[in-house]
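I would like to see how this sequence folds:
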Amino acid sequence: MAGDSERGRLFTRRAILLGGVEVGLFSLLAGRLYYLQIVEGEKYRTLADENRINVRLIAPPRGHILDRLGAPLAVNEQNYRLILLPEQIDDISSLLDKLSSYVAITDSDRTRVRRDLERNGSFNAVLVRDDLTWDQVARISLNLLDLPGADIDTGEVRAYPYGPATSHALGYVGPVSESEAENGGDDDGLLSIPGFRIGKSGIEKEYDRRLRGEAGNVQLEVNAHGRVVRQLSRAAPVAGADARLTLDIGLQQFTYRRLAETEGSAAVVLDVTTGAVRALVSFPGFDPNLFTYGIPQKDWDRLNNDIHAPMLDKVCDGVYAPGSTFKPVVAMAGLEDDLVDPAATVYCPGYLDLGNYRFHCWKHGGHGHVNMHQAITESCDVYFYTIGRKIGIDRIQAMAQRFGLNHRLGVDLPHESSGLVPSAEWKMAKFGVPWQPGETLVAAIGQGYTLVTPLQLAMVAARLANGGRAITPHLLGRPPGAPPAPAPAMGLDPANLAIVQSAMTAVVNEPFGTAYRGRITEPGMAMAGKTGTAQVRRITEAERRKGILPEDKIPWQDRDHSLFMGFAPVGAPRYAVAVVVEHGGEGAHKAVPIAHDIMLECEKRIGV
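Numbers count the residues shown, from 1 in each chain. Okay, here's the model as predicted:
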């Protein structure tokens, strides 16, 4: 009995020990479950949902670009695309090999697809090929069961109905590059959407964020193998805002057709009161539709190797010596600083000697005695050599800056040149040598270091025409009903402006004016302006003695540029125009007739 009692006590102790261990283990398990489910429950529920639910982004429609009356300039068209769904792909190399029998897939395409698969994650679709034909769509769709991971997607692609005529104003869109994806401010993941395109130049780039819109999304439930089980929810994307511009597409097309009669040129039309850009054309242009799917290398090389520079926006980025179109600015500098009497005459024998150098007038026999009105009307170089020397380069530069030269005007486009109007300080900083008196003479007739853009040239004409108001050029229209903000006054004496305006009117409308053959005779539409001929190379003394060759005997790239700036109608100016014909010869021969036609079309299209 004693043995039985001892065994009983031993069993009881073991049972208590085992029970204690079991209680302890259950307590630990319960504590752990409490910690995981109660304390850390929210964290693990989130992780479970992230394993189970995937969010895919939906690209928004890009906002349209419209002209001032609502005509579509950039729109969206339906586009069929071949995409890959990463979570369904087992062997990417094998899948791409199969797909290459339906669409062309280059080595660079394969590299891009692999890169995008790594960059976009497991559930974001990856673009293989855009712009599929209906036949390609049908063939791929019929064989999708043998192409796991491939799918056909319907999206939108940018289209430009007017092609080259609007290329520099609107710009173009293109696929997102790696650097743009990393630095493009992709706050909502838009740039990772397959086939998504962003603005690369022009209005498309300047207002890209406005035009993009906001991404939508679809929530998908996936199983343990990453396969989609069902759609849980869908939030529609928000379309990008439309951009209504100040351009008039009829005037824009007319201007492009008119410039197409040249080898290279630029023209711009401004509203002198508001600064609204009515036409902005650089010729030759390019077809922006080429860039939508990624431009082929041969087309890119062709555009960039063309000596006529079709990719350059010559209106805003092209810089040219202004030639005699700069003379009204020099005249205003002399008048405003009371250094020049407009009635006083200067004798022009056809040249002016300074030291050992002779500065020639364009008119070999000279103009005789001329005052300011006559000097502007007939474009006498010797008169402006004389007053330019009296005024000085620093005063000339200061007045030029008031008219919008030597700095960017702030037009709402991504690229704009500041041009250059030199000063003594600028030359010392640039070259480390003092300014020379002869350089002032050259600058006074718009040559030497002086460079302007056609947009700046139009701005000079506009500010002269509107009574000295510092308008700012812009392409984005105001909201409906919003009045234009008044432009600040430049502080110019109206009497001085009237002197220069009168002379510019005579340039076009008096028989001795350099633009007389291009005058507008329609009642109420008389045009004022100033011609310019800018040398692209120095004419040697030997060439002067020998005589200038006929224009058709001079290589195109060595011919002078032809320029004109003007405004109309005289008496109540509404529009300013600037035209530059590259290597077009004398301004009166090429630029003036184009400006004449543009101004008449402006009156027909928009009215005065």
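
For the closest residue to residue 336 other than its chain neighbours, the count of nearby residues, please.
Spatial nearest neighbour of residue 336, excluding adjacent residues (C-beta to C-beta, 6 or more residues apart in numbering): residue 496 at 6.0 Å. All C-beta atoms are positioned from the backbone trio N, CA, C, and that covers glycine. Neighbourhood size, residue 496 [other C-beta atoms under 10 Å]: 18.

low-confidence ranges in the stretch 151-300 of the chain?
184-188, 222-229 (pLDDT under 70).

Strands of that one, residue ranges please.
173-175, 197-199, 216-222, 228-235, 243-244, 265-271, 277-283 (DSSP state E, counting those that start in this stretch).

what does the second one contact?
Contacts of strand 197-199 with the rest of the structure, by C-beta atoms under 8 Å, 6 or more residues apart in numbering, involve 62, 157-158, 171-176, 180, 184, 191, 205-208, 211-212, 292.

Buried ones among these?
Among the contacts of strand 197-199, those buried by neighbour count (16 or more other C-beta atoms under 10 Å) are 62, 157-158, 171-176, 191, 205-208, 211-212, 292.

What does the pLDDT read for residue 344?
Residue 344 carries a pLDDT value of 97.

now swap in residue 506 and tell me
With respect to pLDDT, residue 506 has a value of 98.

Could you find the closest non-adjacent residue to it?
In space, residue 506 is closest to residue 377, 4.2 Å off (C-beta to C-beta, 6+ apart).

The one you found: how many residues sit nearby?
Neighbours of residue 377 using other C-beta under 10 Å come to 27.

begin at 6 from here
That works, and once the first residue is 6, the last one we named lands at residue 382.

wait, isn't it in contact with residue 521?
No: in this structure, residue 382 is not within contact of residue 521 by C-beta atoms under 8 Å, at 9.3 Å.

Validate this expectation: the residue nearest to residue 341 resides in a helix.
Yes: counting by DSSP: H, G, I helix; E, B strand; the rest coil, residue 501 falls inside a helix.

starting at the chain centroid, how far to stretch 217-225?
28 Å (C-alpha atoms, centre = their mean, to the nearest Å).

What lies in contact with the helix or strand encompassing residue 405?
Per DSSP states H and E, residue 405 falls inside helix 398-407. Helix 398-407 is contacted from outside by 331, 334-335, 337-338, 341-342, 344, 393, 411-412, 426-431, 440, 444-445, 448-449, 475, 495, 497, using C-beta under 8 Å, 6+ apart.

Which parts of this structure belong to which domain?
60-249, 254-567+579-610 (automatic domain parsing).

Tell me which of those domains sits most buried.
domain 254-567+579-610 (a mean of 20; mean count of other C-beta atoms under 10 Å).

coming back round to it: would you mind grabbing the residues shared as contacts by residue 382 and residue 521?
512, 515.

Point to the residue nearest the middle of this structure.
When C-alpha atoms, centre = their mean is applied to the chain, the residue found nearest the centroid is residue 207 (2.4 Å).

excluding its backbone neighbours, what's nearest it?
Using C-beta to C-beta, 6+ apart, the nearest residue to residue 207 is residue 176, at 2.2 Å.

hang on, isn't the one you found packed against residue 212?
No: contact between residue 176 and residue 212 fails when scored by C-beta under 8 Å: they sit 9.9 Å apart.

quick one on the thing from earlier: please name the residues that touch the residue nearest to residue 207.
Contacts of residue 176 (C-beta under 8 Å, 6+ apart): 204-211, 293, 419.

quick one on the thing from earlier: check whether the residue nearest to residue 511 sits in a helix, strand or coil.
Quick answer, by three-state DSSP: residue 382 is helix.

picking up where we left off before, rank the domains of the chain by pLDDT, which is bottom?
Set side by side, the domains of the chain give their lowest mean pLDDT on domain 60-249, at a mean of 85.

quick one, helices of the stretch 6-155 of the chain?
Counting by DSSP state H, counting those that start in this stretch, the stretch 6-155 of the chain has these helices, from start to end: 7-39, 46-57, 97-104, 112-125, 139-147.

got the CA coordinates for the fourth one in CSV?
If I follow you right, that is helix 112-125. What follows is helix 112-125, C-alpha atoms only, in CSV (Å, rounded to 0.1, in the frame of the first residue of the first chain):
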residue,chain,number,x,y,z
ASP,A,112,15.8,44.5,-79.3
SER,A,113,15.4,48.0,-77.8
ASP,A,114,11.7,47.1,-77.3
ARG,A,115,12.7,44.0,-75.4
THR,A,116,15.1,46.0,-73.2
ARG,A,117,12.5,48.6,-72.5
VAL,A,118,9.8,46.0,-71.6
ARG,A,119,12.2,44.3,-69.2
ARG,A,120,13.1,47.6,-67.6
ASP,A,121,9.5,48.6,-67.2
LEU,A,122,8.6,45.2,-65.7
GLU,A,123,11.2,45.8,-63.0
ARG,A,124,10.3,49.4,-62.5
ASN,A,125,6.5,49.2,-62.4
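
just checking, residue 237 touches residue 61?
No: counting by C-beta under 8 Å, residue 237 stays clear of residue 61, with 11.3 Å between them.

now residue 76, nearest residue through space, not along the chain?
residue 254 (4.9 Å).

List the contacts of the one you found.
By C-beta under 8 Å, 6+ apart, the neighbours of residue 254 are 72, 76, 78, 167, 171.

on that earlier part again, would you mind giving the domains of the chain as a markdown table with distance to residue 33 added?
Supplementary listing: these in a markdown table, determined by distance: least, C-beta to C-beta, whole Å:
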| stretch | distance to residue 33 |
| --- | --- |
| domain 60-249 | 29 |
| domain 254-567+579-610 | 61 |
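
What are the contacting residues of stretch 525-535?
By C-beta under 8 Å, 6+ apart, stretch 525-535 touches 329-330, 332-333, 381, 384, 466, 470, 506, 509-510, 512-514, 520, 523-524, 569-576, 578, 582, 597, 600-601, 604-605, 608, 613.

now the end-to-end length of it.
One end of stretch 525-535 sits 14 Å from the other (C-alpha to C-alpha, to the nearest Å).

now the lengthiest strand in the chain, how far from the chain's geometric center?
If you go by DSSP state E, the chain has its longest strand at strand 77-89. Distance, stretch centre to chain centre, for strand 77-89: 22 Å (C-alpha atoms, centre = their mean).

Give me the angle between that strand and helix 97-104.
120 degrees (axes from the mean of the first three to the mean of the last three C-alpha atoms, to 10 degrees).

what's the angle between strand 77-89 and helix 139-147?
30 degrees.

Each with direction, which strands does strand 77-89 pair with?
Paired neighbours of strand 77-89 in the sheet (DSSP bridges): strand 70-71 (antiparallel), strand 131-134 (antiparallel), strand 155-164 (antiparallel).
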